[in-house]
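Asks: Dropping a prediction and its sequence here:
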Amino acid sequence: MRTWFITGISRGLGCAIAKAALKEGDTVIGTVRDTSPDPASGPGNLHVVKLDVTDGEAVNRAVAQAFASAGAIDVIVNNAGYGLLGALEKATDSEARRLFEVDVFAPFRIIRAALPHLRAQGSGHIINITSIAGRAPGPGSALYSAAKYALEGLSASLAQEVRPFGVRVTAVAPGAFRTDFLSSHSIRKSEGEDAAYAASVGRMMSGFGAMAGKQIGDPDRAAQAILDLVRSKQPPIHLLLGTDALRRAREKVDAVIEEMDRWEDVTRGTDFPQVEATQMAGG
């Protein structure tokens, strides 16, 4: 049986992961900001902790208490977060700061607080819930994409840092799942619309509105995929969830490769000439 520390279990994917783990008989220490999750069925044990993930001191206390009470924590899931949609030009400084506090700095603080314990126990799996927007951004989500892109980069580097300690890291990038992510609980929109962005941001925002409640992704299946990931002997550093995420990621990779090839001569042309470089190396 495993012990999980999951942020944001009151709704959405965090709630689905918690319920799936409890059904397996695992112990879940789950954080909520204000609303407690629905009572979960299953043989596992649920411990709910009220936590504002933007409060650094509270995060340190919550992580320390979790390890003290559980003895060891096998899986840490940084799930709590929200989205910010709208044209970048319309976003305010306070909106940007708040988004990064929740979506980037909160996972950073939780990981930092947990790492001494994970290193001491010589095991553990850190799972950071990012988004396909962090790998293949579209219009209307520039700041949200930036935050998730940051968490992707953090995960990729961290995985290399902690591998010698027996600690694993996976960045999980979901596509559109049928949670309440597009509701006011999980999404914010920058104030004001600008007709100048109607063809890009406006079109995307309309698409988001029409998608709510019809997303292709099943959160319960996503949760099961994450349980399977934790059981794997060779888990990936990056995992996509959903056929829409897979399509967008492949399109992005293909476009990046095409652009790299097209500009390869310019890229290579910025090195020192070989002869000059050889002379410099020789003194």
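Replies: Looks like it came in fine.
Asks: For the residue most central in space within the chain, give me the pLDDT.
Replies: With distances taken as CA atoms, centre = their mean, the residue of the chain nearest its centroid is Thr130 (2.1 Å). Listed pLDDT for Thr130 reads 97.
Asks: same check, this time on Leu46
Replies: pLDDT, Leu46: 95.
Asks: What does it show for phi and psi?
Replies: phi -110, psi 130 (degrees, to the nearest 10).
Asks: Run through the bridge partners of it.
Replies: On the basis of DSSP bridges, Leu46 is bridged to Val28.
Asks: That one and Lys19: what is the separation?
Replies: For Leu46, the distance to Lys19 (CB to CB, to the nearest Å) stands at 9 Å. All C-beta atoms are positioned from the backbone trio N, CA, C, and that covers glycine.
Asks: hang on, the earlier thing: how about the residue nearest to the centre of the chain, phi and psi?
Replies: phi -100, psi -130.
Asks: list the contacts for it?
Replies: Taking CB atoms under 8 Å, 6 or more residues apart in numbering as the criterion, Thr130 is in contact with Lys148, Leu151, Glu152, Ser155, Ala171, Val172, Ala173.
Asks: Please apply the same query to Ile6.
Replies: Counted by CB under 8 Å, 6+ apart, Ile6 has contacts Gly14, Ile17, Ala18, Ala21, Val28, Ile29, Gly30, Thr31, Val75, Ile76, Val77, Asn79.
Asks: Tell me where the model's unsure across the stretch 151-283 of the chain.
Replies: 178-194, 199-215, 275-283 (pLDDT under 70).
Asks: Please read the previous query as pertaining to the stretch 1-150 of the chain.
Replies: In the stretch 1-150 of the chain (pLDDT under 70), the answer is 37-41.
Asks: ranges for the helices of it?
Replies: 12-23, 56-70, 93-100, 106-121, 142-162 (DSSP state H, counting those that start in this stretch).
Asks: Which SSE is immediately downstream of the longest one?
Replies: Per DSSP states H and E, helix 142-162 leads on to strand 167-174 as the next helix or strand towards the C-terminus.
Asks: Determine the set of other helices and strands touching that next one.
Replies: helix 106-121, strand 124-129, helix 142-162, helix 219-231, strand 238-241, helix 243-262 (3 or more CB pairs under 8 Å, 6 or more residues apart in numbering; DSSP states H and E).
Asks: of Leu46 and Lys19, who's got more company?
Replies: Lys19 (23 against 20; other CB atoms under 10 Å).
Asks: With neighbour count added, can I get the contacts of Ile6 in JSON lines?
Replies: Below are these laid out as JSON lines (neighbours: other CB atoms under 10 Å):
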{"residue": "Gly14", "neighbour count": "26"}
{"residue": "Ile17", "neighbour count": "31"}
{"residue": "Ala18", "neighbour count": "29"}
{"residue": "Ala21", "neighbour count": "29"}
{"residue": "Val28", "neighbour count": "26"}
{"residue": "Ile29", "neighbour count": "25"}
{"residue": "Gly30", "neighbour count": "27"}
{"residue": "Thr31", "neighbour count": "26"}
{"residue": "Val75", "neighbour count": "23"}
{"residue": "Ile76", "neighbour count": "29"}
{"residue": "Val77", "neighbour count": "29"}
{"residue": "Asn79", "neighbour count": "24"}
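Asks: ok, so of those, who is nearest Asp103?
Replies: Asp103 lies nearest to Asn79 out of the contacts of Ile6, by CB to CB, at 10.8 Å.
Asks: Need the nearest residue in space to that closest one, chain neighbours excluded.
Replies: Nearest residue to Asn79, sequence neighbours excluded (CB to CB, 6 or more residues apart in numbering): Gly14, at 3.9 Å.
Asks: you'd agree that neighbour is up against Thr7?
Replies: Yes - if you go by CB atoms under 8 Å, Gly14 and Thr7 touch, sitting 6.8 Å apart.
Asks: who touches both of the two?
Replies: With CB under 8 Å, 6+ apart as the test, Gly14 and Thr7 both reach Gly30, Val77, Asn79, Ala80.
Asks: so who does the third one touch?
Replies: The contact partners of Asn79, taken as CB under 8 Å, 6+ apart, are Ile6, Thr7, Gly8, Ile9, Gly12, Leu13, Gly14, Ile17, Ile129.
Asks: burial count for the third one?
Replies: By other CB under 10 Å, the residues close to Gly8 number 28.
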